[in-house]
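K.L.:
can you look at this prediction? I've put the sequence above it.
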Amino acid sequence: MTKFSLYLCAILIIFLGGCSQNASTPFSTNGMLNSSSSKFEGNVSNPSSIAFFKNNVGDRVLFSIDQSDLDQSGKDILLGQVKWLQANVDYKIIIEGHADERGTREYNLALGARRANSAREFLVSRGIESSRIQTVSFGKERPVELCSNENCYSENRRAVSVVSNLNF
Amino acid sequence: MKTFLVIFFISLSTFVQSAPLRITITEGVIEPLPYAAPTFIGETGASNELANKITELVKNDLLGSGLFREVPKSSYISGIDKFNSPIQYSDWKAIKVQALLTGSVLVSGEKLSVKFRLFDVFSNNELGKGLQFNSTKQGWRRVAHKVADEVYSRITGEQGYFDSRVVYVAETGKKGSRKKRLAIMDFDGANSKHLTDGSYIVLAPRFSPTGERVLYTSYETGTPQIYVINVATSKRTVLKNRKGTMSFAPRFSPDGQSVVYSLEQGGNTDIYVMNLRNSSSARLTSAPSIETAPSFSPDGSEIVFESDRSGTQQLYVMSSLGGGAKRISSGDGRYGTPVWSPRGDRIAFTKQSRGRFHIGVMRVDGSKERLLTASFLDEGPTWSPNGRVIMFTRETQGETGVSALYSVDVSGRNLKKVKTRDGGSDPSWSPLGK
Amino acid sequence: MQFGHYISGFAHLVLLTGLFIGPVFQNDIEPVDYSTVSLISEQDFIDLTASNISPSVSEDASKFIPMNENNDKLNFKFNEESKVLKSEGPEVVLDEPIEPEIKKPEMELALKQRPPEISKELKSPVSEIANKIPDVQNESTKLNKPSKTSKPNKMTQPEINLSQELEIAKGSVDDLAVVKDNIKASTDIIVSSLRPKSRPRYISKPNFEIKSESKVIESVVSDAIQSSSAQNSLSKPLTETETGNLQTAIQTCWFRDPGSLAEDVKLTIFMSLDRNGRVNPNSIKVVEISGGDEGAQEVAFRRAKIAIISCGKNGYKLPPNKYERWREIEVVFDPTN
């Protein structure tokens, strides 16, 4: 029952997203190291495009301080990614784990890896072949928001799914 | 009975009278030690320029340690006009000089010879023997550092640290897309040069025990892997690793034969050790928690590392063969990046507590914790080769935040910024030069 | 005893080609004794300038004599480790691979061998910012104290209260005999000079007792003296103000370095003074020393000596009529509190 409503929810989100083409993306993408340039992302109106994945499916999940557990909204986004990946079987993803700047370098690397893996395990548990997913951690090296307060920190504690149709 | 006692007291009284008066001094002056260093004598006209530069650099080193104060030349009663002139100790005593350094510099062609002598003014004695350093003109900075190391060592009884280098990450560009390059420089910031070009992220370089090689973590292949670079030739090799894993936080063992590091697999980070000769590796921890930032004790028998197995980052010591991990940190807050001191008696660490970051030191058993610094973000301590000074990364906050290298004496005094051309982070101090 | 002998760490850092001593400049006054350290190999050094070497220098250079007859310890170490450096300038390029052994300061072993201390602060470390008053010295003592018991908090010294003192004062003959032995022991130490054979002789507790007991004895004795009125004012002990003045005078010249290993060293120095309060420099000797390694002890002694000499250069202000009391003084330098 709950599972079913979840699923509904996810579909709804994807559907709604798909309707609002010009809606500004809820996530900033600057500073992303591995994000493909928009040239290769295709048109956002094409549901098989990378642009659609980023803007409409949602390419990232956020975490609370020091945590790597997925919350409900994170799971919802990942369910959307599952759908998309199932529909676009040529694509693979690299999940990048990140941490905010309030930690030591090594620990944040390990923490980012935990977050990336947490997202990965969720995708695999929902049927995505593990061979299609790679993970990497950037620790605190690539913040997406630069201010030094919780508003920015919460955006930086993230796992970002970067899709590509290249082999790795 | 009573008479016996009286007799005893009287005999005792004469005895006590002859015993020396005893007084106890527990307070002293905590001030830099006053010394004098007249400009080194240039033995030829051509030697004068380097004589001045060398005198100046020796002074910078000594003053920079925070342990010395130079008595101004204007207060000198007698000068030193020849290297082997007899010393008028009373003239130096009168201006409260405790140590007197004299030297001479001879440049001929490309050749440089520097001699110095050091005097213990209050004992009317030479402190150690005179020394002469031979080098080339281009090597003058090293010679000056060597002279300063000798002076430091003779006066403090401890090894110096001036003839040493620091490898670090030079940082340029904005916070979100920072360019990070491996760089190496003299401990005082001179002779800086880059070892990598900045097209990929590099992190946390660590010197080998002899200072010839540097371990670091690089994103060259897309995921963090450990590399070794030869400082002299810039030749790099990647450490053998398994696909789908991430390795980072490497450090050499004291014998330089193996590397202890963190390996992440499936989201879990543990500590491994790799023998560099045959690339075989062994796992030292196996917990579902994060185990990272390992550092060997100087005798190689133990490893200190951080782990969040208790729920927060804390410090643990285990055998270098793995096992028997004992938690040593016990204060409130989080502890990370432990580094064993070269003296072996202390561990430096980063502490996060109440929104502030600190560099601190503690005994090897975790007792006697002392915080040396506090700021928005201090992290990643490295010890000077003599275990006396700690260098670390300090980052300022906000969108314009930058990283810089700082150093602080283990007493908590003499906190200062280390000169670097660009921003800097993750310093690692070399052993003393040969 | 030259301090240069004890620069233990130095042996590690110097790789030499040749060692030369001897006068380079005219030495009509006194030959200057020094050693040569080459940062490049001797041959490279000569080659560099073979063409443009100035005659006077080469003449001087010919005067270099190899030093091996000089058995100076410092130089001996140089010889032992004579390796060749061919690097020039700041690049450290080694001619031969160095065996990758750890360069460990000697004292490390000493530190390691000591039994680990049990600190009462283990549970709640004092984490103050060290800027105020660094307490390195405090840590250091503990390291050096032989921790003979495994009970924590044993470090705190028992308070000696008045009733105890009275007990000693009024005690049996046996008690007094013990006290006498203690005093005798302390004078024995004075007689035996310079360095104690075994280092950690100082255990603060017995020391404290000696002090308090001798104080008690002093008061008992002076009481006895006063009551018998046998002696004159010469034997009156110095007042607290008088000893306090002396303490203050010395401590203003005692240079300390809180981060140094010398802060582990507690030492007692003996000196004799003339009637003007001036120290006889030849009388200065170490009565007792504990803590730290050899280098640290050397430095601690030098710093203590400088304190005594430099502050007493015009004579310490002491009551002339009590000269017998202060003609000989033992100064305990204790940075370890």
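P.N.:
Cool, the structure landed. Residues are numbered from 1 along each chain as shown, chains lettered A, B, ... in the order given.
K.L.:
chain A contacts on the stretch 251-400 of chain B?
P.N.:
Residues of the stretch 251-400 of chain B lying close to chain A by CB under 8 Å from any CB of the partner chain are B:262, B:264, B:266-269, B:290, B:292-293, B:306, B:308, B:313, B:336-337, B:350, B:352, B:376-377, B:379-380, B:395, B:397-399. Just so you know, the C-beta spots here come from the backbone N, C-alpha and C atoms, and that holds for glycine as well.
K.L.:
derive a ChimeraX selection command for the buried subset of those residues.
P.N.:
The buried residues among those can be selected in ChimeraX (16 or more other CB atoms under 10 Å in any protein chain shown) with this line:
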select /B:262,264,267,268,269,290,292,293,306,308,313,336,337,350,352,376,377,379,380,395
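K.L.:
show only the entries of the residues of the stretch 251-400 of chain B next to chain A found in strands.
P.N.:
Counting by DSSP state E, the part of those found in strands is B:262, B:264, B:268-269, B:292-293, B:306, B:336-337, B:350, B:352, B:379-380, B:395.
K.L.:
which of those lies closest to A:T135?
P.N.:
B:E264 (8.8 Å; CB to CB).
K.L.:
so where is the chain shaky, pLDDT-wise?
P.N.:
Picking chain A for this. Applying pLDDT under 70 to chain A flags residues A:1-39, A:166-168.
K.L.:
um, chain C though
P.N.:
Residues of chain C that meet the cut-off, pLDDT under 70, sit at C:1-34, C:40-235.
K.L.:
swap in 80 and give it another go.
P.N.:
By pLDDT under 80, the low-scoring segments of chain C are C:1-235, C:337.
K.L.:
just want the residue of the stretch 151-300 of chain C that's nearest chain A.
P.N.:
In the stretch 151-300 of chain C, the residue that lies nearest chain A is C:G259 (24.7 Å; CB to the nearest CB).
K.L.:
need the helices for chain A, in chain order.
P.N.:
Per DSSP state H, chain A carries helices over the ranges A:2-19, A:50-52, A:72-87, A:105-125, A:150-156.
K.L.:
the last one vs chain B: in contact?
P.N.:
Just to be clear, that refers to helix A:150-156. No - Helix A:150-156 lies out of reach of chain B by CB under 8 Å from any CB, never closer than 8.7 Å.
K.L.:
what about whichever residue of chain A sits closest to chain B, distance to A:K140?
P.N.:
Of all residues in chain A, the one sitting closest to chain B is A:N117 (2.7 Å; CB to the nearest CB). Separation of A:N117 from A:K140 (CB to CB, to the nearest Å) stands at 17 Å.
K.L.:
ok, B:S297 to B:S367 distance?
P.N.:
Counting by CB to CB, the separation of B:S297 from B:S367 is 16 Å.
K.L.:
if we can go back for a sec, and the ones in strands among the residues of the stretch 251-400 of chain B next to chain A, which two are furthest apart?
P.N.:
B:N268 and B:E395 (28.0 Å).
K.L.:
still on that earlier bit, ok, the residue of the stretch 151-300 of chain C closest to chain A - how many residues close by?
P.N.:
24 (other CB atoms under 10 Å in any protein chain shown).
K.L.:
pretty sure it is touching B:V410, no?
P.N.:
Yes - shown here, C:G259 and B:V410 form a contact pair, counting by CB atoms under 8 Å, at 4.6 Å.
K.L.:
residues in contact with the residue in the stretch 251-400 of chain B that chain C sits nearest to?
P.N.:
In the stretch 251-400 of chain B, the residue that lies nearest chain C is B:G256 (3.2 Å; CB to the nearest CB). Going by CB atoms under 8 Å, 6 or more residues apart in numbering or on different chains, B:G256 touches B:208-210, B:213, B:276, C:100.
K.L.:
and the residue nearest the centre of chain A, what is it in contact with?
P.N.:
Of all residues in chain A, the one closest to the mean position by CA atoms, centre = their mean is A:R60, 2.4 Å from it. With contact set as CB under 8 Å, 6+ apart, A:R60 has these partners: A:27, A:77, A:158-161.
K.L.:
kindly report the same for B:E306.
P.N.:
Under the criterion of CB under 8 Å, 6+ apart, the neighbours of B:E306 are A:104, A:106-107, B:290-293, B:313-316, B:335-338.
K.L.:
and the residues you listed, which two are furthest apart?
P.N.:
Greatest spacing in the contacts of B:E306, by CB to CB: A:T104 and B:Y316 (15.1 Å).
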